[in-house]
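Colleague: Test case, fold it:
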Amino acid sequence: MASKIKQGFQMELVALSVADLFPTKTVSMQIKQGRKYRQVLASVREVGLIEPPVVTSLKQEKGYLLLDGHLRIAALTELGIENVSCLVSTDDESYTYNKYVNRISAIQEHKMIVKAIEAGVSEEKLASALNLDVRTIRNKRKMLAGICAEVVELLKDKDVSEHVFRTLRKMKAPRQVTVAMLMNDQNKFSIPYANALLEATSPGQLVNKGKPRKISPVILARQARLEEENLALSQEIDFLKEQYGTEMIDITAIQAYLKRLLSNEDVAIYLQQFNESIYEKFKEIVALDFFKLKHIKWQFLSKINLHL
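Modeller: Numbering: from 1, shown residues only. All right, here's what the predicted structure looks like:
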């Protein structure tokens with residue numbers, strides 16, 4: 001009997017209170033002064049929230065862990081909006097969904113612009129809201145023309161520039177997917193790297209073949225070695241991501257539980273009177289900023305590396 005495929009997300013968006021969301025990272029004042037946050041804030045103010053934040057339920061505690069959408073939630077908070085519709089993940093492993101970055105990816109920005117225009121917002125108004133010129137808005141709107149759906153999925157949360165998509169557009173769909181996988185596995189999304197992979201692409205895999213190009217044996221050998229090493233590396237990366245995601249969601253859930261525990265005045269007084277050392281340790285864990293948990297991450301990854 002075939003086993004059922006578990007859904008990664010609930011079918012419907014869930015309306016939640018912003019106060020019930022536990023962030024997995026801090027949106028600092030420095031981030032709020034940056035261009036990306038100002039764009040998010042202006043977008044939410046002008047056209048509302050287009051891309052729903054992603055959360056997962058804290059199984060033994062009331063509330064939800066915020067996996068993706070920290071800038072959006074910070075913008076909602078600044079604007080005094082108390083409720084938000086969220087996409088609820090049913091799988092703890094999706095904790096790696098967010099990749100711990102404080103930015104909107106180029107694809108997310110593209111989707112935001114397209115949805116806003118479809119909702120009736122003019123290009124001029126969007127340009128004003130995002131502090132961009134109209135030509136830039138048009139370029140971002142057309143950015144994914146000629147890009148296959150598999151590549152969009154692979155790069156949807158990556159820091160990829162518009163120039164990289166122009167390079168990908170020169171390749172046929174199967175080669176686009178291969179290049180996107182290589183960029184993902186190597187965590188390299190730069191324009192020079194994309195151009196290098198374009199140069200290593202055979203004429204038959206290009207949209208416009210043009211004049212036959214002579215590819216030196218050195219480039220061919222480099223390409224073969226790169227793809228061979230990438231296969232082995234991607235397997236190791238996938239394993240590390242899986243283990244790291246499981247450990248970090250446990251740590252964050254524990255931190256949320258202890259925070260609620262110490263907010264109970266009777267429990268706090270009892271611990272202070274009868275086990276002060278435990279009370280102080282609990283306070284220390286609760287006070288930890290998520291970024292300060294990096295040393296735990298590296299200790300954990302070091303243990304994994306011993307088995308690789």
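
Colleague: Tell me how the protein divides into domains.
Modeller: Per the record, the chain has its domains at 14-98, 236-305, by automatic domain parsing.

Colleague: Mean neighbour count, the ones you listed: which tops it?
Modeller: Among these, ranked by average contacts under mean count of other C-beta atoms under 10 Å, first place goes to domain 14-98 (a mean of 17). (Each C-beta comes from the backbone N, C-alpha and C, glycine too.)

Colleague: returning to what we had before: need the domains of the chain in TSV (columns: mean pLDDT and distance to A145).
Modeller: Listed next are the domains of the chain as TSV, based on pLDDT from 0 to 100; distance: least, C-beta to C-beta, whole Å:
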stretch	mean pLDDT	distance to A145
domain 14-98	82	20
domain 236-305	73	31
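
Colleague: I'd like those domains laid out as TSV, including distance to A200.
Modeller: Converted to TSV, those look like this (distance: least, C-beta to C-beta, whole Å):
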stretch	distance to A200
domain 14-98	29
domain 236-305	22
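
Colleague: Which stretch among the ones you listed approaches A180 most closely?
Modeller: Of all those, it is domain 236-305 that lies closest to A180, at 15.0 Å by C-beta to C-beta.

Colleague: who's in contact with the nearest residue to E150 once chain neighbours are set aside?
Modeller: Distance criterion C-beta to C-beta, 6 or more residues apart in numbering; nearest residue to E150, sequence neighbours excluded, is V177 at 4.8 Å. Contacts for V177 (C-beta atoms under 8 Å, 6 or more residues apart in numbering) come out as 148, 150-151, 154.

Colleague: Sitting in helices, which of the residues you listed do you find?
Modeller: Of the contacts of V177, the ones assigned to helices by DSSP state H are 150-151, 154.

Colleague: Spit out the contact partners of the closest residue to L154 other than its chain neighbours.
Modeller: Closest residue to L154 apart from its sequence neighbours, by C-beta to C-beta, 6+ apart: A180 at 4.3 Å. Counting by C-beta under 8 Å, 6+ apart, A180 makes contact with 150-151, 154-155, 168.

Colleague: next SSE after the host helix or strand of A180?
Modeller: Taking DSSP states H and E as the criterion, A180 maps to helix 173-186. Moving toward the C-terminus from helix 173-186, the next helix or strand (DSSP H and E) is helix 191-199.

Colleague: the inter-axis angle of that following helix versus helix 173-186?
Modeller: Put simply, helix 191-199 runs at 140 degrees to helix 173-186, going by axes from the mean of the first three to the mean of the last three C-alpha atoms, to 10 degrees.

Colleague: what packs against helix 191-199?
Modeller: helix 162-168, helix 173-186 (3 or more C-beta pairs under 8 Å, 6 or more residues apart in numbering; DSSP states H and E).

Colleague: still on that earlier bit, please check the contacts of V177 and keep the buried ones.
Modeller: Among those, the ones that count as buried by 16 or more other C-beta atoms under 10 Å are 148, 151, 154.

Colleague: Three-state assignment for the closest residue to L13 other than its chain neighbours, please.
Modeller: Nearest non-adjacent residue to L13, counting by C-beta to C-beta, 6+ apart: S85, 4.2 Å away. With DSSP: H, G, I helix; E, B strand; the rest coil as the basis, S85 sits in strand.

Colleague: which one of the ones in helices among the contacts of V177 sits closest to R260?
Modeller: L154 (38.1 Å).

Colleague: surely the closest one meets D185?
Modeller: No: using C-beta atoms under 8 Å, L154 is not in contact with D185, being 10.2 Å away.

Colleague: could you pull out the strands for this protein?
Modeller: 14-17, 21-23, 54-57, 64-68, 83-89 (DSSP state E).

Colleague: Relative to M143, which of those strands is closest?
Modeller: Among the strands of the chain, if distance is taken as C-beta to C-beta, the winner is strand 64-68, at 20.7 Å.

Colleague: I'd like to know which elements the closest one is packed against.
Modeller: Looks like strand 64-68 contacts strand 21-23, strand 54-57, strand 83-89, helix 217-262 (3+ C-beta pairs under 8 Å, 6+ apart).
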